[in-house]
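In: Structure for the following, please:
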Amino acid sequence: MPPYFASGDGEYRGKAGNDPFHVMPSTFVEGAIIVGGGPSGLAAAACLKSKGVPSLIIEKSDGIGSLWKYKAYDRLHLHIPKQFCELPLYPFPEDYPLYPNRQQFVTYLENYFHHFEMKALFNTKVNTAEYDAEFECWKVNVESSGKVGKDAGMQLCARWLVVASGENAEAVSPAMAGLKDFHGPVVHSSNYKTGADYTGQRVLVVGCGNSGMEIALDLANFNANPSLVVRSPVHILPREIFGTSTFAVAMRMMKSFPLWFTDMLLVWYTWAMLGDTTVYGFQRPKDGPMTIKCKQGKTPILDVGTFAKIKSGDIKVFPGVDHLTPHGACFENGESRDFDAIVLATGYRSNVPQWLKDDGGFFSEEGLPKNPSQGTWKGERGLYVAGLGRKGILGATFDAKNIAEDISRAYIAAELESHKRLVVVSPQQSR
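Out: Numbering: from 1, shown residues only. The predicted structure is shown next:
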């Protein structure tokens, strides 16, 4: 039996021991089952281990950090400084730059996994997870992609379930009129790698979040002809203010000043650095950038050079797409253009509703905590959540620490209760 499996513990073991005809319906996992091997799942596993609680990570890909490893474009760097992206108990190497690139971050995650000697099942998909009230545990039905037939499926059971499958579990591709008629390639940003694949081509980038903006820049740098669709109001901020990360400045200001004051200064500085963004098709929302971040979890665009290309005309900006044609797009302002390819930088979503069957009303239909004001990391009956509070890696770290603290108390209590049930009878006492 693998080391992360156990024959049972606490109440579960007790029920089996008191019933000689009892057959355990599941393979019991000691400690917690963690669904997801990205930064959130790794943070939870490390914090649990630091408290003496074992765990098992279930990951559908062949390794940890699959989103960064397989579904990120080549030029991607962290948009905020590394100190805000560190996982608990393990700093970035000192020789890493302020904004590590994609491969450096993947290496950091892999080293993190090995440093804490985590246990994981890779190439394993969670089909369902539901609570078993009789045995007071979570039953998780998994399927291994490396096996076939009956050997592919397995049911695991644990007292605690940590949902860490991420806000970016699956790509979102919008329904666009005429999409099936477009003759050129259409790829989601998760399958985009480099602008070198599009040199000389007219490329429409749909979506102007941080990914869409950087992909447009990448295309321009490789001598493609990118156009960017900007449908909704959005904040654009320079990545740095006077040589210091804008994010770091905002975080410091929010500790000392009201939110509205922080927003006012950020918007003023952006206007001083970038000019009037509305002239180039970027309308600003009514709420400030940090207000939106705190209320909705939406991160403002941190400009890494895209806006200069927009000003120079190397990147064109259009409003929303009305419909696509076989050779291009018609926009909501009545303009039309021909394009050779389309990149959908339209984001991701949680997939929790697809597999979690008994959450006690904790999650919304979008697979995110339904009532953030009441907390985003703890549900009922041993259900925990890491990294789904729309607060990035900092939020995932906060979740992981709270989860480990909470589970460890219950784990220690269960171990003490288990020891109390072990009555050792000496030979003299048995006479």
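
In: Give me the residue ranges of the stretch 301-431 of the chain where confidence is low.
Out: Applying pLDDT under 70 to the stretch 301-431 of the chain flags the ranges 418-431.

In: Now do the helices for it: every range, in order, please.
Out: Ranges of helices in the stretch 301-431 of the chain, per DSSP state H, counting those that start in this stretch, are 306-312, 352-355, 392-420.

In: Could you list the buried residues of the second one?
Out: Using 16 or more other Cβ atoms under 10 Å as the burial criterion, the residues of helix 352-355 that qualify are V352, W355. For every residue, glycine as well, the C-beta is placed using N, CA and C.

In: And the last one, by the same measure?
Out: Within helix 392-420, the residues that count as buried by 16+ other Cβ under 10 Å are 392-404, 406-408, 411, 414.

In: that older thread, could you save the helices of the stretch 301-431 of the chain as TSV and add columns showing distance to E240?
Out: Output for these, formatted as TSV (distance: least, Cβ to Cβ, whole Å):
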stretch	distance to E240
helix 306-312	13
helix 352-355	35
helix 392-420	18
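
In: For I57, find the nearest of the ones you listed.
Out: helix 392-420 (12.7 Å; Cβ to Cβ).

In: Output the contacting helices and strands for that closest one.
Out: Judged by 3 or more Cβ pairs under 8 Å, 6 or more residues apart in numbering; DSSP states H and E, the packing partners of helix 392-420 are helix 10-18, helix 39-50, strand 160-163, strand 383-385.

In: ok, of the ones you listed, where does mean pLDDT dip lowest?
Out: Per-stretch averages of pLDDT across those put helix 10-18 at the bottom, with a mean of 43.

In: Return the list of strands paired to the helix or strand following it, each annotated with direction.
Out: Downstream of helix 10-18, the next assigned helix or strand under DSSP states H and E is strand 27-29. Strand 27-29 pairs in its sheet with strand 5-6 (antiparallel), strand 153-158 (parallel), by DSSP bridges.

In: In terms of mean pLDDT, which of those strands ranks lowest?
Out: Ranked on mean pLDDT, the bottom entry among the strands paired with strand 27-29 is strand 5-6, at a mean of 52.

In: what's the domain layout of the protein?
Out: With domains defined by automatic domain parsing, the chain comprises 5-169+350-420, 172-344.

In: Name all residues that make contact with the one residue sitting closest to the centre of the chain.
Out: Central residue of the chain (Cα atoms, centre = their mean): G166, 3.5 Å from the mean position. Neighbouring residues of G166 by Cβ atoms under 8 Å, 6 or more residues apart in numbering: G36, G38, S40, L67, S350, G387, L388.

In: so which of the residues you listed comes closest to T244?
Out: Nearest to T244 among the contacts of G166, with distances taken as Cβ to Cβ, is G387, at 26.7 Å.

In: and the gap between the closest one and I393?
Out: Note on G387: its distance to I393, by Cβ to Cβ, to the nearest Å, is 8 Å.

In: now the strands paired with strand 27-29 as CSV including mean neighbour count and distance to N123?
Out: Listed next are those as CSV, based on neighbours: other Cβ atoms under 10 Å; distance: least, Cβ to Cβ, whole Å:
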stretch, mean neighbour count, distance to N123
strand 5-6, 15, 18
strand 153-158, 19, 12
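
In: Make JSON lines out of these and add distance to A345.
Out: Formatted as JSON lines, the strands paired with strand 27-29 follow (distance: least, Cβ to Cβ, whole Å):
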{"stretch": "strand 5-6", "distance to A345": "42"}
{"stretch": "strand 153-158", "distance to A345": "36"}
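
In: For T346, which of these is the nearest?
Out: Across those, closest to T346 is strand 153-158 (Cβ to Cβ), at 33.4 Å.

In: got a list of contacts for that closest one?
Out: If you take Cβ under 8 Å, 6+ apart as the criterion, strand 153-158 is touched by 12, 24-33, 56, 58, 127, 132, 135, 137-144.

In: what about burial for those residues, which qualify?
Out: By 16+ other Cβ under 10 Å, these give 12, 26-33, 56, 58, 135, 137-142, 144 as buried.

In: Which two among the contacts of G166 are spaced furthest apart?
Out: Top of the distance list for the contacts of G166 (Cβ to Cβ): L67 and L388, 14.3 Å.

In: what about these two, which has more around it?
Out: Of the pair L67 and L388, L388 is the one with more neighbours under other Cβ atoms under 10 Å, namely 28 against 17.

In: so the more buried one sits right up against R349, yeah?
Out: No: contact criterion Cβ atoms under 8 Å: L388 and R349 do not qualify, at 11.0 Å.

In: between the two, what contacts are shared?
Out: E167, G367.

In: Could you check the pLDDT of the residue nearest to the centre of the chain?
Out: pLDDT at G166 comes out at 94.

In: Look at T299 and give its secondary structure.
Out: Recorded secondary structure, T299: coil (DSSP: H, G, I helix; E, B strand; the rest coil).

In: returning to that earlier point: element containing the residue nearest to the centre of the chain, please.
Out: Going by DSSP H and E, G166 is not part of any helix or strand.
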